[in-house]
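Trainee: The following comprises the amino acid sequence and a computationally predicted model.
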Amino acid sequence: MQNAEKRIASTAMLMVFVTLFAKVLGMLRNMLLASNFGTTMDAVAYEAASRLPLTLFDFALGGVVTAAFIPIFNELLVKQGKESAFAFANRYFNLILWIAVLISVCGILFSSPLVSFLAPKLDGEVKALAASLSRLMFPMIIFTGIAYCYVGILQSYEKYMLPAVMSLVSNLVMVLYFYTLSDSFGVWGLSLALVVGWFLQAAIQAPAAHKLGFRFKPTLKFNDTYIIRALKMAVPILVCSWLQPVCNVINTRFASGFEGGSAISMVNYANNLYIIIVGVFSFVATNLLFPKLSRSEASGDSEGARAFAGSSVKILLYIMIPLAAGIFILAEPIIRAIYMRGEFTAHDAEMTASVLRLLALGIPFMSANEVLTKLFFAMQKVKAPMLASVAAICVNVVVVTILVETIGFDGIALASSITIAVCTVINYILISRSGTLLHANDFVDMLKSVVATAVMSVCVYFLDTKLAIGVDILRIIIAGGVGVFVYGVVVLILAPSEIRTVLKRGKND
């Protein structure tokens, strides 16, 4: 048993390392994109074009490719054997493939009106370039669907490493392109590199799936009982995943009206950095917390699952609240250090930093919402987070319209943070109806974290404004390092319950 636990722990740590490395490559990819194209016409066209196929995939398929597949595949594997399970896998693979092909064809045929809908205020030349680039990119939807089908098969057999390597491979392709072929082929070659990256995400998993026993055979048998069950599960899960892509579409539409359309790139650069930061902790919630929550619920220990989820929310917030505050204060030097080189100007950095600063307000809510959503899924209650997602989308439409009219460009990012906060609060209220998740002493502990963050923020702000250091990275390291130290000291003094528990264990050991 101990060997098994050690093996699981080592696998988890390796996955975390791979994910972090992939995020670093993603950061480098974004830096090279900003350096080579800045917020020029090519950059704006590329951002609009690449968002189209990914957004349509998120709307039509998204995370349900694996979420609806894995439970049924595993059920068949246990109850009816490998042959039945892989027969279902083949039918499901075909379903996803044909949906992806249909989306790709429609995207290619209607690329011009789709670009006009996504970014209505771009000028004609940029729209035309974006439409042309999107036609080149739309086939990546097919490779995306195939890649996630393979993920479902491999994860069902507890083969986690190749799925974890997926984004690393695609980011590596993009980085290599910038260093080798970018000067010769420009934004057209970049678009093709994106498609090649997604093709490789599917290709690297195919041999492993074949080795397990999967064989692809073309079929159109979509009226299968288990396929219908998968589709019924998919609908509410899919709606739960719509919040982020809907917000991205809305943000892009509004951003197309600022800075001659260049604001699309500014919002995207800030949003990519935000996703990288949140993505690491989202990975933890999805791959480490979710299995434990599912096992607790399956064994009938709902109270244990709820207690574990509550502790997870608290621990994540201890990290994310000060992180959000630090990013809010240091947004400008962070953006300059990462992006400001080549075609990316000081003005671009200032505008992008204003987006990142306001997006940072949503970081604590995003991390808490990940845990709440996973607890709902572990409880097999998908309607509640679906309703929360729909309500938050409605709020976003109203709030972003009002804020853009009143405060302008900054209203785009502020509306996104308000939206995820609303979604998190709704999910918490809904999940509390079936039992208490956080108690009064938990809120007192989180208030202590807020107090520690406030003290830290004063120190970081003072250092950032008073340091006469011209190198942004040094400003970030010094101000951020002191901030981490101050936050840690204040938290130890206030001693929330989790800290007291750790200290007590340390004394006992």
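Mentor: Cool, the structure landed.

Trainee: got the residue ranges for the helices in the stretch 51-200 of the chain?
Mentor: Counting by DSSP state H, counting those that start in this stretch, the stretch 51-200 of the chain has these helices, from start to end: 64-67, 69-79, 82-109, 111-118, 124-137, 140-156, 161-180, 182-203.

Trainee: how about those, which one is nearest residue 27?
Mentor: Nearest to residue 27, of all the helices of the stretch 51-200 of the chain, is helix 161-180, at 9.0 Å by Cβ to Cβ. Bear in mind the C-beta positions are built from the backbone N, C-alpha and C, glycine included.

Trainee: can you pull the buried residues of the closest one?
Mentor: Neighbour-count burial for helix 161-180, counted by 16 or more other Cβ atoms under 10 Å, picks out 162-175, 177-178.

Trainee: re earlier: just so I know, which of the helices of the stretch 51-200 of the chain lies nearest residue 344?
Mentor: Closest approach to residue 344 among these (Cβ to Cβ): helix 161-180, 13.6 Å.

Trainee: Quick one: list the elements packing against that closest one.
Mentor: Contacting helix 161-180 under the criterion 3 or more Cβ pairs under 8 Å, 6 or more residues apart in numbering; DSSP states H and E are the following elements: helix 2-37, helix 140-156, helix 182-203.

Trainee: Burial-wise, tell me which of the ones you listed comes out on top.
Mentor: Mean neighbours per residue, mean count of other Cβ atoms under 10 Å, is largest over these for helix 140-156, with a mean of 24.

Trainee: Please enumerate residues in contact with that one?
Mentor: 53-54, 56-57, 61, 65-66, 69-70, 73-74, 77, 89, 92-93, 96-97, 99-101, 103-104, 107, 160, 162-163, 166, 194-195, 198-199, 201-202, 205-206, 208-209, 212, 214 (Cβ atoms under 8 Å, 6 or more residues apart in numbering).

Trainee: what's the angle between it and helix 161-180?
Mentor: If you take axes from the mean of the first three to the mean of the last three Cα atoms, to 10 degrees, helix 140-156 sits at 140 degrees to helix 161-180.

Trainee: How far off centre is helix 140-156?
Mentor: Taking the mean of its C-alpha atoms, helix 140-156 sits 17 Å from the chain's own mean (Cα atoms, centre = their mean, to the nearest Å).

Trainee: what's the model's confidence in it, averaged?
Mentor: Helix 140-156 carries an average pLDDT of 87.

Trainee: can you state the direction angle for it and helix 69-79?
Mentor: Using the same axes, to 10 degrees: helix 140-156 against helix 69-79 is 40 degrees.

Trainee: Helix 140-156 to helix 182-203, inter-axis angle?
Mentor: Orientation note: helix 140-156 sits at an angle of 40 degrees relative to helix 182-203 (the same axes, to 10 degrees).

Trainee: Render the CA-only coordinates of helix 140-156 in PDB, please.
Mentor: This file holds the C-alpha atoms of helix 140-156, laid out as PDB (Å, rounded to 0.1, in the frame of the first residue of the first chain):
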ATOM      1  CA  MET A 140      -7.100  22.100 -35.600                       C
ATOM      2  CA  ILE A 141     -10.600  21.500 -34.100                       C
ATOM      3  CA  ILE A 142     -10.400  18.000 -35.600                       C
ATOM      4  CA  PHE A 143      -7.000  17.400 -34.000                       C
ATOM      5  CA  THR A 144      -8.200  18.900 -30.700                       C
ATOM      6  CA  GLY A 145     -11.200  16.500 -30.600                       C
ATOM      7  CA  ILE A 146      -9.100  13.500 -31.400                       C
ATOM      8  CA  ALA A 147      -6.500  14.500 -28.800                       C
ATOM      9  CA  TYR A 148      -9.100  14.700 -26.000                       C
ATOM     10  CA  CYS A 149     -10.600  11.300 -27.000                       C
ATOM     11  CA  TYR A 150      -7.200   9.800 -26.500                       C
ATOM     12  CA  VAL A 151      -6.900  11.600 -23.200                       C
ATOM     13  CA  GLY A 152     -10.100   9.900 -22.000                       C
ATOM     14  CA  ILE A 153      -8.800   6.400 -22.900                       C
ATOM     15  CA  LEU A 154      -5.300   6.900 -21.400                       C
ATOM     16  CA  GLN A 155      -6.600   8.500 -18.100                       C
ATOM     17  CA  SER A 156      -9.100   5.600 -17.800                       C
END
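
Trainee: between that helix and helix 82-109, how many degrees?
Mentor: Using the same axes, to 10 degrees, the inter-axis angle of helix 140-156 relative to helix 82-109 is 160 degrees.

Trainee: Distance of residue 212 relative to residue 158?
Mentor: 11 Å (Cβ to Cβ, to the nearest Å).

Trainee: neighbour count winner among those two?
Mentor: A count of neighbours by other Cβ atoms under 10 Å puts residue 212 above the other of residue 212 and residue 158, at 15 against 8.

Trainee: any idea what sits nearest that one, other than its immediate chain neighbours?
Mentor: The shortest distance from residue 212 to any non-neighbouring residue, by Cβ to Cβ, 6 or more residues apart in numbering, is to residue 157 (5.6 Å).

Trainee: Point out where the stretch 401-509 of the chain drops to low pLDDT.
Mentor: 468, 496-509 (pLDDT under 70).

Trainee: Residue 460: how many residues sit nearby?
Mentor: 27.

Trainee: Wait, it touches residue 323, no?
Mentor: No: Residue 460 lies out of contact with residue 323 (Cβ atoms under 8 Å); the separation is 11.5 Å.

Trainee: just to revisit the earlier point, closest to residue 315 out of the helices of the stretch 51-200 of the chain?
Mentor: Closest approach to residue 315 among the helices of the stretch 51-200 of the chain is made by helix 161-180 (22.4 Å; Cβ to Cβ).

Trainee: Contacts made by the closest one with the rest, please.
Mentor: 11, 14-15, 18-19, 21-22, 25-26, 28-29, 32-33, 36, 147, 150-151, 154-155, 189-190, 193-194, 196-198, 200-201, 204-205, 208.

Trainee: For it, give the mean pLDDT please.
Mentor: Average pLDDT, helix 161-180: 86.

Trainee: where's stretch 362-376 relative to the chain centroid, distance-wise?
Mentor: That offset, for stretch 362-376, works out to 12 Å (Cα atoms, centre = their mean).
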